[in-house]
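[1] Provided below for reference: sequence and predicted model.
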Amino acid sequence: MSALLDNSSPVKTNVDQLREKLVASELDSMLITNLRDVRWLTKFSGSNATLLLTRDALWLFTDSRYAEQVKHEVTVAECIITSDGYLAELKTQRYPTGARVGFQADNLTVVSLEKLKAELPTLSLVPQTNFCDEFVAIKALEELENIKRAVSITDKVFQKLLEMMSPNVTECDVAAEISYWNKKFGAEKDSFDPIVASGSRAALPHARATDARLEHNSLVVIDMGCVVNGYCSDQTRTVALGNISSDARRAYNAVLDAHLLGIASAKAGMTGKALDGIVRDFLTAQGYGEAFSHSLGHSVGLQVHEQPIIGKKTEMVIPVGAVITIEPGVYLPNRFGVRIEDMVLITDSGAAPLPAAPKALIEL
């Protein structure tokens, strides 16, 4: 297979975009070591790969475990199977890197960078951060279909959970059911370890499921997702198990209103900081400003957390085609917590929610 690009490939546009950035950054080539970016560019899903992108060629270096796999997954790069690693290949000088070589400084370890400098001392290594993020944020149709399938599975799993939740089951029981039903409905795996927290533990935004039984007359926060063809879903619902206090109900309604405001306010071209601020100001006016302790959301794709982050410091613009989460929360220590999270697609006309699971408070 030639290292020159296959012009019939649907991934060509992604590579062309990176090549334009390569030229604009005054680089002769770029080493791509982030496996998320490797998969986005080439569809290769293995656990060991490095790409060398030049101004007219693309090589993928991997090991013999993937000799057959690359034949089925990769059409846009020449695949080099090596037992000695990509550095050994580059030292042969068969690959014209040019003098100025970029590397992913936000991915390459210090040890790997020092080895790169030692093995290829004549190269001028230029650190790059977030090199692919602006392009990865814009989802192609095939990517959107995979995300929608993952979201659909998450919706189905949530309905299964409602059938089994009671004070007789533990948080770990619920988490195990999430993992089971994800695969039963066709997902590859969970997109992250499920969060299941009831009672006062729901005030921990990233609580780990425990062997504690679900607390009666309390709120239960369930944050879960799955992976389909590499693409993630991420959804949170808070349900009432038994009777809840008027304070808990008020907090739930405030979070729901904030969530809906976030969806209604999301527009292409605004920064993550601006969108976060709209929802944060609303919750502050409701008396919950200090209780909303995390960012409003994040982009989702091949990783469950991608750029742009929808947070207080994010200046990155939200583009048309991005899939982001809107997930406001209120957390009152030693009392209760509430979070509602949906994924939305950013379009020319606003934000289109992807999940179908109900948002009104479910009381079991």
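    Done, it's in. Numbering: from 1, shown residues only.
[2] residues in contact with Glu171?
    Val196, Ala197, Ser198, Arg201, Ala209, Thr210, Asp211, Ala212, Leu214 (Cβ atoms under 8 Å, 6 or more residues apart in numbering). Placement of C-beta: from N, CA and C, glycine included.
[3] Asp257 now?
    Taking Cβ under 8 Å, 6+ apart, we find Asp257 in contact with Phe282, Gln286.
[4] tell me which element it falls in.
    Assigning secondary structure by DSSP states H and E places Asp257 in helix 246-265.
[5] and Asp16, by the same measure?
    Using DSSP H and E, Asp16 falls in helix 12-24.
[6] show the end-to-end separation of stretch 61-70, please.
    Stretch 61-70 has an end-to-end distance of 10 Å (criterion: Cα to Cα, to the nearest Å).
[7] oops, could you answer that again for stretch 199-219 instead?
    End-to-end span of stretch 199-219 (Cα to Cα): 6 Å.
[8] got a list of contacts for it?
    Under the criterion Cβ under 8 Å, 6+ apart, residues 165-172, 174-175, 193-198, 220-221, 238-244, 248, 252, 293-294, 329, 331-339 lie in contact with stretch 199-219.
[9] list buried residues within these.
    With neighbours counted by 16 or more other Cβ atoms under 10 Å, these contain buried members at 165, 169-171, 174-175, 194-198, 220-221, 238-241, 244, 248, 252, 294, 329, 331-332, 335-339.
[10] wait, Gly297 touches Gln307, no?
    No - applying Cβ atoms under 8 Å, one finds Gly297 not in contact with Gln307, separated by 11.7 Å.
[11] neighbour count: these two, which is higher?
    Applying other Cβ atoms under 10 Å to Gly297 and Gln307 shows that Gly297 carries more neighbours, namely 28 against 18.
[12] roughly how far does the more buried one sit from Met165?
    Gly297 sits 26 Å away from Met165, going by Cβ to Cβ, to the nearest Å.
[13] helices of the stretch 101-250 of the chain, start to end?
    Here the stretch 101-250 of the chain has its helices, by DSSP state H, counting those that start in this stretch, at 110-119, 133-136, 141-164, 171-184, 246-265.
[14] columns distance to Leu125 and mean pLDDT on top of those helices, output as CSV?
    Converted to CSV, the helices of the stretch 101-250 of the chain look like this (distance: least, Cβ to Cβ, whole Å; pLDDT from 0 to 100):
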stretch, distance to Leu125, mean pLDDT
helix 110-119, 7, 95
helix 133-136, 20, 96
helix 141-164, 31, 97
helix 171-184, 41, 98
helix 246-265, 41, 98
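[15] can you put the ones you listed in JSON lines and add distance to Ile362?
    Output for the helices of the stretch 101-250 of the chain, formatted as JSON lines (distance: least, Cβ to Cβ, whole Å):
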{"stretch": "helix 110-119", "distance to Ile362": "48"}
{"stretch": "helix 133-136", "distance to Ile362": "35"}
{"stretch": "helix 141-164", "distance to Ile362": "7"}
{"stretch": "helix 171-184", "distance to Ile362": "14"}
{"stretch": "helix 246-265", "distance to Ile362": "10"}
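[16] can you tell which of the ones you listed is closest to Val317?
    Val317 lies closest, by Cβ to Cβ, to one member of the helices of the stretch 101-250 of the chain: helix 133-136, at 8.8 Å.
[17] other SSEs contacting the closest one?
    helix 12-24, helix 35-42, strand 306-310 (3 or more Cβ pairs under 8 Å, 6 or more residues apart in numbering; DSSP states H and E).
[18] same for the longest one, what does it pack against?
    Same thing as helix 12-24. Judged by 3+ Cβ pairs under 8 Å, 6+ apart, the packing partners of helix 12-24 are strand 29-32, helix 35-42, strand 50-54, helix 133-136.
[19] mean neighbour count, the ones you listed: which tops it?
    Mean neighbour count (mean count of other Cβ atoms under 10 Å) peaks for strand 29-32 among the helices and strands packed on helix 12-24, with a mean of 25.
[20] what lines up beside it in the sheet?
    Applying DSSP bridges to the sheet, strand 29-32 is found paired with strand 50-54 (antiparallel), strand 100-104 (parallel).
[21] how about these in JSON lines, adding distance to Thr13?
    Compiled in JSON lines, the strands paired with strand 29-32 are given as follows (distance: least, Cβ to Cβ, whole Å):
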{"stretch": "strand 50-54", "distance to Thr13": "14"}
{"stretch": "strand 100-104", "distance to Thr13": "20"}
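[22] could the ones you listed go into JSON lines alongside distance to Glu119 and mean pLDDT?
    Formatted as JSON lines, these follow (distance: least, Cβ to Cβ, whole Å; pLDDT from 0 to 100):
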{"stretch": "strand 50-54", "distance to Glu119": "13", "mean pLDDT": "98"}
{"stretch": "strand 100-104", "distance to Glu119": "12", "mean pLDDT": "97"}
